[in-house]
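In: Sequence below, structure please.
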Amino acid sequence: MPDSDLKQHAKNVLDKLQNHIKETGPMSFFDYMQFVLYEPGLGYYSAGMQKFGASGDFVTAPEMTPLFSYTLGKQCKAILAEIPSGDILEFGAGSGQMAADILCYLKEHEALPEHYYILEVSPDLIEKQKEKLEKALPNYFEHIIWLDKLPKTFDGIMLANEILDAMPVHHFEYNNKQLKEIFVALESDKLVFTKEKPSKILQQAFTQLKTEVDLSTWETPYQSEINTYIPSWINNIANCLNKGVILLIDYGYPKHEYYHPQRNMGTLTCNYQHQAHSDPLIHCGLQDITSHVDFSLVTESAVNADLAFEGYTTQSSFLINCGIQNFLENIEDEKEKVNAASNIKKLIMPNQMGESFKVIAFSKQYDKTLIGFRENDLSESL
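Out: Here you go, the predicted model:
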């Protein structure tokens with residue numbers, strides 16, 4: 001259970017939600033997720049909560065071992081060699097650990113870009129990132145620039161690790177050939193789900209989904225989600241990118257697996273104190289809420305935005321293709337080497353993060369093969 005300070009924070013979030021619903025009626029799950037994650041001063045990513053690592057709610061790959069980011073750095077080095085004036089832009093840099101380790105790798109190999117940009121929505125995380133990065137790279141720190149919007153034009157590498165899964169989604173139920181959107185309402189001052197007429201944006205997205213998925217195979221009532229934000233997000237970064245590569249890392253499925261007939265409860269997942277559960281209506285503002293990524297939708301959006309498809313594979317294959325195991329050779333301390341090998345297993349083993357996480361890449365005006373996709377390209381599954 002949360003301590004007294006956290007309970008008070010959750011109460012403040014709940015009070016504001018209750019007042020909003022009382023004034024305007026039930027709110028779509030999209031709006032609810034947007035609020036509890038990103039509302040300034042209250043949302044999970046905006047209110048200073050400890051999110052990452054052992055004392056937070058979940059552990060990301062960069063927090064687990066620097067070898068993850070060193071391996072990404074190796075891929076970045078190869079790309080930057082083809083774009084001498086290229087920079088790196090990271091979306092949502094979390095604690096700043098991935099940025100620090102990538103830059104340390106590039107520094108060691110004399111391949112630092114002129115600038116490393118970070119587009120971050122959380123003021124609290126920006127402060128944590130600045131503190132970590134200034135300590136890790138004091139002589140390069142002035143080259144690290146925080147943005148609050150996309151630049152007008154960009155050459156280089158765009159990185160997003162576990163960003164798409166944290167975008168708000170529309171939550172729906174399909175039953176008796178009828179579509180209902182799931183909203184959040186009040187019942188005796190308690191948050192509850194209710195089913196309403198779908199919004200226009202959900203209706204349009206679902207109409208498209210019906211052309212790509214056989215709904216007659218679904219076990220009904222069928223609940224799931226649609227991320228309607230992905231197409232515009234991809235389009236915006238595509239318009240910004242002049243020359244370079246976009247690398248996206250996240251957990252998810254191709255569309256036919258995402259909307260599998262037996263996956264009739266969707267993919268919504270909450271993380272609180274390293275416990276995964278399925279109730280997004282508790283611990284308001286204190287827990288992470290995510291949904292898996294529809295990588296077919298990501299690909300369709302990228303192709304529509306005139307991006308070239310570079311590859312799609314598991315995190316395991318990407319890291320192995322980039323030679324993550326070779327980094328063990330540089331570790332002399334035996335205990336440290338054993339620990340690093342154990343963490344690599346977590347990153348690449350199928351029953352850990354190896355196959356649930358995927359890596360997908362797109363490009364513009366870039367014609368070299370990316371080393372991370374040399375083997376086990378899964379693009380046909382999309």
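
In: Show me the shaky parts of this structure.
Out: 1-4, 48-58 (pLDDT under 70).

In: Name the single longest helix found in it.
Out: Ranked by number of residues, the top helix in the chain under DSSP state H is helix 4-24.

In: by contact count, what packs against that one?
Out: The contact analysis (3 or more C-beta pairs under 8 Å, 6 or more residues apart in numbering; DSSP states H and E) places helix 4-24 against strand 27-28, helix 29-38, strand 178-187. (Each C-beta comes from the backbone N, C-alpha and C, glycine too.)

In: could you check the angle helix 29-38 makes with that helix?
Out: Counting by axes from the mean of the first three to the mean of the last three C-alpha atoms, to 10 degrees, helix 4-24 lies at 150 degrees to helix 29-38.

In: ok, back up a step: okay, the helices and strands packed on helix 4-24, which one's buried deepest?
Out: Among the helices and strands packed on helix 4-24, ranked by average contacts under mean count of other C-beta atoms under 10 Å, first place goes to helix 29-38 (a mean of 22).

In: Next secondary structure element downstream of it?
Out: Counting by DSSP states H and E, the next helix or strand C-terminal to helix 29-38 is helix 61-64.

In: buried sites along the following helix or strand past that next one?
Out: Remark: after helix 61-64, the chain's next helix or strand is helix 66-82, criterion DSSP H and E. Buried residues in helix 66-82, counting neighbours by 16 or more other C-beta atoms under 10 Å, are found at 66-80.

In: Kindly report the same for stretch 208-221.
Out: For stretch 208-221, the neighbour count (16+ other C-beta under 10 Å) marks L209, V213, W218 as buried.

In: Give the helix, strand or coil label for K335.
Out: Secondary structure, DSSP: H, G, I helix; E, B strand; the rest coil: K335 is helix.

In: Can you tell me how far it is from S342?
Out: For K335, the distance to S342 equals 11 Å [C-beta to C-beta, to the nearest Å].

In: and those two? which has more neighbours close in?
Out: Taking neighbours as other C-beta atoms under 10 Å, K335 and S342 compare with S342 leading, 11 against 8.

In: can you tell me the helix or strand for V298?
Out: Residue-wise, V298 maps onto helix 295-304 under DSSP H and E.

In: same question but for E173, I mixed them up
Out: Following DSSP H and E, one finds E173 within strand 170-175.

In: Count the neighbours of the closest residue to E375 other than its chain neighbours for me.
Out: In space, and not counting its chain neighbours, E375 is closest to N321: 5.8 Å by C-beta to C-beta, 6 or more residues apart in numbering. Number of residues near N321 (other C-beta under 10 Å) recorded here: 21.

In: Strands along the stretch 101-250 of the chain, start to end?
Out: With DSSP state E, counting those that start in this stretch, the ranges of strands along the stretch 101-250 of the chain come out as 116-119, 144-147, 154-161, 170-175, 178-187, 190-196, 222-226, 241-253.

In: Including distance to G92, could those strands go into CSV?
Out: As requested, these are arranged in CSV below (distance: least, C-beta to C-beta, whole Å):
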stretch, distance to G92
strand 116-119, 7
strand 144-147, 12
strand 154-161, 7
strand 170-175, 21
strand 178-187, 25
strand 190-196, 27
strand 222-226, 20
strand 241-253, 11
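
In: between the helices and strands packed on helix 4-24, which gets nearest to P168?
Out: Closest approach to P168 among the helices and strands packed on helix 4-24 is made by helix 29-38 (4.1 Å; C-beta to C-beta).

In: Can you spell out which helices and strands pack onto the closest one?
Out: Helix 29-38 packs on helix 4-24, strand 170-175, strand 178-187, strand 288-290, going by 3+ C-beta pairs under 8 Å, 6+ apart.
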